[in-house]
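**Q** Curious how this folds, go ahead:
(4 chains)
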Protein chains: 2
Amino acid sequence: MTKAKIRIKDIAEQAGVSVGTVDRVLHNRGEVAEETKNKILEIAKVNNYQPNLIARALTSKKQCVFASLLPSPTEEDIFWKRPLNGITEAALELEQFQVKVKNFFFEHYNEQDFIKQTEAILELNPSGIVFSPIFSKESLDFTEKLDKKGIPYVFIESKLSKSNYLAYVGSDGFHGGRVAANLIDFGIPENGDILIINLAKNLENVHHLNQRTQGFLSYFMDKGKNQGLKISIEIPKSDTEIIKEKLDSVIKKNKNIKGIFITGSKVYKIARYLISNELSDIILVGFDPIEQNIKYLNHGTINFLIGQHPHQQGFKAVKKLFEYVLLNHAIPKDEYLPVDIINQECIKLYEA
Amino acid sequence: MTKAKIRIKDIAEQAGVSVGTVDRVLHNRGEVAEETKNKILEIAKVNNYQPNLIARALTSKKQCVFASLLPSPTEEDIFWKRPLNGITEAALELEQFQVKVKNFFFEHYNEQDFIKQTEAILELNPSGIVFSPIFSKESLDFTEKLDKKGIPYVFIESKLSKSNYLAYVGSDGFHGGRVAANLIDFGIPENGDILIINLAKNLENVHHLNQRTQGFLSYFMDKGKNQGLKISIEIPKSDTEIIKEKLDSVIKKNKNIKGIFITGSKVYKIARYLISNELSDIILVGFDPIEQNIKYLNHGTINFLIGQHPHQQGFKAVKKLFEYVLLNHAIPKDEYLPVDIINQECIKLYEA
DNA sequence: CTGAAAGCGCTTACAG
DNA sequence: CTGAAAGCGCTTACAG
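**A** Numbering: from 1, shown residues only, chains lettered A, B, ... in the order given. Alright, predicted model coming up:
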């Protein structure tokens, strides 16, 4: 047990130098004799020196800037507004410590714009970045450049496992799958069949979606009253035509399908199919309260959406950056948030 | 539009006095000529003076202490741990501003202990209080004393409308009722009847439970596929015997009851009844993931629990106190958090 | 390579 | 009733 708070003044005294010197070694501003440097470092370590951020904030004029990169939230789809709000809330709290967060946006589905924004960020040269690796290839390129520059990055919503990320804040696919399974199990007749749809093209994402499928299936292996078939299919493209073709072949062959689980957020596409084929009484569960999904949730075609606390994701990601960069704390690599269940009624107040 | 930040030094200059004087009027430390006082106040107001909390924290040695009062979380029931964690988290953030939160606990269901703790709090004379008015009469007494001393208090979980509270953070009963209705509507056969149970003795609470009942019923007036009867009953006491008697008379008379909505958190008592009468296939929905409820949720007797973001409640309540006491901000009186839906699967990661 | 000094915006005695 | 000065813990030139 060492004594309470040690100040840089105390370290200076113990080392027999001035505070200026201590400050220099603590901040690697060089120009200090090797010997005194080591001595100071040693004292700081032994006494577990923690800088007083309040004092630092009061005096320091240099700002620390973080960047975020997300799809721009649009009038039609406020989905990306939620993590952004979380980021903004965190930024507000950290303002007092001279940290700023600069938000960058790219047009949804536009790889070129994404690249352009990453370049702008690189130019800004921030002390840390929060982003969602929507386009895997382009994101991987980006992370490599960040690695080279030593800029830490935190993923939200999804992650690139093979990259060198500081942290990921998001949900656990397996857990999400199980929650969905329980929901469908509750509403479906015991002998009804269940269709699991993987609507994916993005290779990276596949892992996450597979996790959800596995969680879903594991539920029925453990428990669950439903005894029906679990039919799993993949639809590699999400064009209306292709979906129709595929579903026609599956659903018309099996009239006993009473529930559908979509492992991703393109639930609305399936909802549309169900409506135009008068199959709306099939239970439909999928992910993410994006605007199109909310529409069909309210319409009653989608029964539940699984949310992933987008606000929390943004908020926590920024906090992690702060803790790592400013406080030198160790950061747990993956933080899995619980998912939340959204029905017609709670969507009204949803924002978490 | 006035210029950016104005410091007390600036005010002093404009008023032609010293910073000491400005500080004195800003803090009501008296002994200032009426005229200069008004002049200073005017300047501060016109320029929208906001104290620099960082500087204040660095220099001020006086601590601001808040108190919380909640039932002590027990090994068997961690329910009250969640708001407590929220309070602690907020306290941690505010530590840098020299605010401390001292937590008081009383034994559950023990009015005497509650009173004893309120006395201890009064003795401490904190700058603000967060508590849950579990016992209405005793709580009302307490609030009157607080009013007299001018100590602001924030309610969580439930509120005493007739008191002079600074703010309430909790959920909206009407909304909760609707969410529950949607859940039951999803799982119940179209022609099944639904029983609504009000298990209450606490007069204050009645309002909240009524709100839930009304929300629940309103759902079925607006929409919902279920066409069955909605039977509402009150059970003024929660002894096993009385519950049994009452339910025997209702449920045995109506074999068509397929769903039960409990407007409060004593769902487990109904679950026990259903189990011992082999009626577990009736859908059961109620409030709050207290330990006994979780048990029957996992068991499958309770299908859903509605949560009220207890962690957030504690967290936000403390923040409000801070904003009011330290920042002089205006505080919206009621903040209704969205409810969350909890099933067997998401309870595992539940803590929000 | 190192130290002495000023300053961040506020609070707190102390002196008058 | 009011002002001048020291101090909170750190950072930042400046001088040597």
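**Q** element containing the closest residue to residue A:128 other than its chain neighbours?
**A** In space, residue A:128 comes closest to residue A:321 once its chain neighbours are excluded; the distance is 3.9 Å by Cβ to Cβ, 6 or more residues apart in numbering or on different chains. For every residue, glycine as well, the C-beta is placed using N, CA and C. Element membership of residue A:321, judged by DSSP states H and E, is helix A:310-325.
**Q** ok, back up a step: measure how buried the residue nearest to residue A:128 is and give me the count.
**A** When neighbours are counted by other Cβ atoms under 10 Å in any protein chain shown, residue A:321 registers 29.
**Q** domain assignment for chain A?
**A** A:8-50, A:64-165+A:310-337, A:173-307 (automatic domain parsing).
**Q** quick one: which of those domains is nearest DNA strand C?
**A** Among the domains of chain A, domain A:8-50 comes nearest to DNA strand C, with 2.9 Å by Cβ to the nearest atom of the strand.
**Q** Flag every residue of chain A that's near DNA strand C.
**A** With Cβ under 7 Å from any atom of the strand as the criterion, chain A meets DNA strand C at residues A:16-21, A:24, A:30-34, A:36-37, A:55, A:58-59.
**Q** swap the cut-off to 10 Å and go again
**A** With Cβ under 10 Å from any atom of the strand as the criterion, chain A comes near DNA strand C at residues A:12, A:15-25, A:29-37, A:39-40, A:54-61.
**Q** Which ones among those residues lie within helices?
**A** Counted as lying in helices by DSSP state H, out of the residues of chain A next to DNA strand C, are A:12, A:15, A:19-25, A:34-37, A:39-40, A:54-59.
**Q** remind me, longest helix of chain A?
**A** Per DSSP H, chain A has its longest helix at helix A:203-222.
**Q** Give the rounded mean pLDDT of that helix.
**A** Mean pLDDT, computed over helix A:203-222, is 86.
**Q** check contacts around residue A:191.
**A** A:226-228, A:256 (Cβ atoms under 8 Å, 6 or more residues apart in numbering or on different chains).
**Q** try 10 Å
**A** Residue A:191 sits next to A:225-229, A:256, A:258 when contact means Cβ atoms under 10 Å, 6 or more residues apart in numbering or on different chains.
**Q** Please apply the same query to residue A:77.
**A** By Cβ under 10 Å, 6+ apart, the contact list for residue A:77 reads A:71, A:108, A:289-294.
**Q** ok, now with 6 Å
**A** A:290-291 (Cβ atoms under 6 Å, 6 or more residues apart in numbering or on different chains).
**Q** State the distance from it to residue B:116.
**A** 54 Å (Cβ to Cβ, to the nearest Å).
**Q** again with residue A:290
**A** Using Cβ to Cβ, residue A:290 is found at 52 Å from residue B:116.
**Q** which one of these two has more residues nearby?
**A** Neighbours were counted for residue A:290 and for residue B:116 using other Cβ under 10 Å; residue A:290 has more, 18 against 14.
**Q** who does the longest helix of chain A touch, helix- and strand-wise?
**A** Helices and strands touching helix A:203-222, by 3 or more Cβ pairs under 6 Å, 6 or more residues apart in numbering or on different chains; DSSP states H and E, are helix A:173-187.
**Q** partners of the helix or strand just after the helix it packs on, with directions?
**A** The helix or strand immediately downstream of helix A:173-187 is strand A:193-199, counting by DSSP H and E. Here strand A:193-199 has these sheet partners by DSSP bridges: strand A:230-235 (parallel), strand A:257-262 (parallel).
**Q** tell me the angle of the first one relative to helix A:203-222?
**A** For strand A:230-235 against helix A:203-222, the angle by axes from the mean of the first three to the mean of the last three Cα atoms, to 10 degrees is 170 degrees.
**Q** Buried residues, strand A:230-235. List them.
**A** A:230-231, A:235 (16 or more other Cβ atoms under 10 Å in any protein chain shown).
**Q** For the host helix or strand of residue A:271, give me every contacting residue.
**A** Here residue A:271, judged by DSSP H and E, is contained in helix A:267-276. Identification of contacts with helix A:267-276 by Cβ under 6 Å, 6+ apart yields A:238, A:243, A:247, A:262, A:280, A:282, A:286, A:292-293, A:296, A:301-302.
**Q** Give me the below-cutoff pLDDT ranges for chain A.
**A** For chain A, residues meeting the criterion pLDDT under 70 lie at A:1-4, A:30, A:202-205, A:351-352.
**Q** In it, which residue sits furthest out from the middle?
**A** Largest separation from the mean C-alpha position in chain A: residue A:16, at 48.0 Å (Cα atoms, centre = their mean).
**Q** which residues does it contact?
**A** Residue A:16 touches nothing, counting by Cβ under 6 Å, 6+ apart.
**Q** Give me the phi and psi angles of it.
**A** phi 70, psi 30 (degrees, to the nearest 10).
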